[in-house]
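J.: Sequence isn't available, so here's the structure alone:
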């Protein structure tokens, strides 16, 4: 793996981990702003516990060494969660600024996944 690719991977992965951890914690503690936002999108507030729990576990999965299949699931979960967030905001008529966070996390997810080292990928051989 080239040094450039390693740097890109770690920058994207650290920012992804920070973003998912912070939003996961906010969801787990059910901050008032988060409860208001999720209910405005049409979801029950108890979904925050599920989302927050899986985000934190996903961060652990992408950061620990080995377990490439688990990492694939975590990246897929992040991607599905954030594309769902974008879709929900668009359907609910949210302000365009509300799309920034989820879109940024989608980009970081894809970049981290694409540039991950070989030992963090599923071996097809």
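T.: Perfect, I can see it now. From a predicted model like this one, the values you see are computed outputs, not experimental measurements. Numbering: from 1, shown residues only.

J.: does the residue positioned nearest the centre of the chain sit in a helix, a strand or a coil?
T.: Nearest residue to the geometric centre of the chain (CA atoms, centre = their mean): residue 78, 3.7 Å. Following DSSP: H, G, I helix; E, B strand; the rest coil, the label given to residue 78 is helix.

J.: Tell me the spacing between it and residue 47.
T.: The gap separating residue 78 from residue 47 is 16 Å, by CB to CB, to the nearest Å. Glycine gets a C-beta too; all of them are placed from N, C-alpha and C.

J.: Contacts only, for the residue nearest to the centre of the chain.
T.: Contact partners of residue 78, counting by CB atoms under 8 Å, 6 or more residues apart in numbering, are 16, 20, 55, 58, 105, 109.

J.: hmm, try it at 6 Å
T.: Contact analysis of residue 78 by CB atoms under 6 Å, 6 or more residues apart in numbering lists 58, 109.
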